[in-house]
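Asks: Quick one, what's the 3D model for this:
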Amino acid sequence: MEDIVLGFLGNNAIFLVLFVFLVVVVFAGVRIVPQSEKHVVERFGRLRSVLGPGINFIVPFLDRVAHRISILERQLPTNRQDAITSDNVLVQVESSVFYRITEPEKTVYRIRDIDAAITTTVVGIVRSELGTLELDQVQSNRGQLIERIQQSLEKVVDDWGIEVTRAEILDVNLDDATRAAMMQQLNAERARRAQVTEAEGSKRAVELNADAELYAAEQSAKARRIEAEAEAYATEVVAVAIKENGVEAAQYQVALKQVEALSEVAKGSGKQTVLLPSAALDAFGDAFKLLKGRT
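Replies: Residues are numbered from 1 along each chain as shown. Next comes the predicted model:
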């Protein structure tokens, strides 16, 4: 009886051990990878595969998950570095880089400290790019500078299995001596512009004054021309009248002039007695005769 019981227990123990072994094998062979990670699997110390998000299967006791790599975007700490522009100005640049791992097998087996490697690479690229630009270009073309830095960085880090998603130039600082020199230059430029503006204003005033004088001269000449034309027209009318009416018309005009002259004399101030020569009286008579004859 005891042999039967011992045999039953022995068989159950074997089954129990087999069951536990199967459970361990299943758990050892199934790997659930989160969406934000990738797992690097090794077999006897060598790369076997890279497990993506979801349920994955490996060979128990032969394969092992050696590295769990996050594929989320990462930001390197802000890096401050000195650089010299092409016009020999010392600047301090603050930069930052965003990246994410796309091929964990390269990141794991080709580089030890990926953050330090990227930081060192960024330092060299930033110094190289700033060395080709003047300070004014660095300030005004920061977007193009960032794009060039990102493109150069992508070429270098391609073998490390990462993707540079963004590179930023946060600030460009100058030392006190350079800043003071730039302020002096800025003030001098402002003074120069003020002088140029004042000179242009004086020049414009002279031009406007000359234009005004020219306009006045043109108007005076035009008035004299109109007056001359009027006198010529009057002379022409008199000539036509003389031609049509003969000497009588000429005498009539002369008599009218004499009468007008005597009228002006009579308007003068002083004594009201005016002595007229006999020729003047004859002129009045001739004028009245001619006027009567014309009417």
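Asks: Just give the number of residues close to residue 157.
Replies: Other residues within reach of residue 157, judged by other Cβ atoms under 10 Å, total 22. Backbone N, C-alpha and C define where each C-beta goes, glycine included.
Asks: 16 is where my numbering starts, stick with that
Replies: With 16 as the first residue, the last one maps to residue 172.
Asks: does it sit in a helix, a strand or a coil?
Replies: At residue 172 the chain is in helix, as set by DSSP: H, G, I helix; E, B strand; the rest coil.
Asks: Relative to residue 114, how far out is it?
Replies: Distance, residue 172 to residue 114, by Cβ to Cβ, to the nearest Å: 7 Å.
Asks: Quickly list what's touching both of these two.
Replies: 133, 179 (Cβ atoms under 8 Å, 6 or more residues apart in numbering).
Asks: now the helices: where do they sit in the stretch 166-310 of the chain?
Replies: Counting by DSSP state H, counting those that start in this stretch, one finds helices in the stretch 166-310 of the chain at the ranges 191-260, 262-282, 293-309.
Asks: make that the stretch 16-165 of the chain, sorry
Replies: Under DSSP H, counting those that start in this stretch, the stretch 16-165 of the chain gives helices at 17-44, 119-125, 129-145, 150-155, 157-172.
Asks: Export the third one to CSV, keeping only CA atoms.
Replies: Pointing back at helix 129-145 there. Output of helix 129-145 as CSV, limited to C-alpha atoms (Å, rounded to 0.1, in the frame of the first residue of the first chain):
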residue,chain,number,x,y,z
ILE,A,129,25.4,58.5,-27.0
ASP,A,130,24.6,61.8,-25.2
ALA,A,131,28.3,62.7,-24.7
ALA,A,132,29.0,61.7,-28.3
ILE,A,133,26.3,64.0,-29.7
THR,A,134,27.3,66.9,-27.4
THR,A,135,30.9,66.7,-28.6
THR,A,136,29.8,66.5,-32.2
VAL,A,137,27.5,69.5,-31.9
VAL,A,138,30.4,71.5,-30.4
GLY,A,139,32.6,70.9,-33.4
ILE,A,140,29.9,71.5,-35.9
VAL,A,141,28.7,74.8,-34.3
ARG,A,142,32.3,76.1,-34.2
SER,A,143,32.9,75.1,-37.8
GLU,A,144,29.7,76.7,-39.0
LEU,A,145,30.1,80.0,-37.0
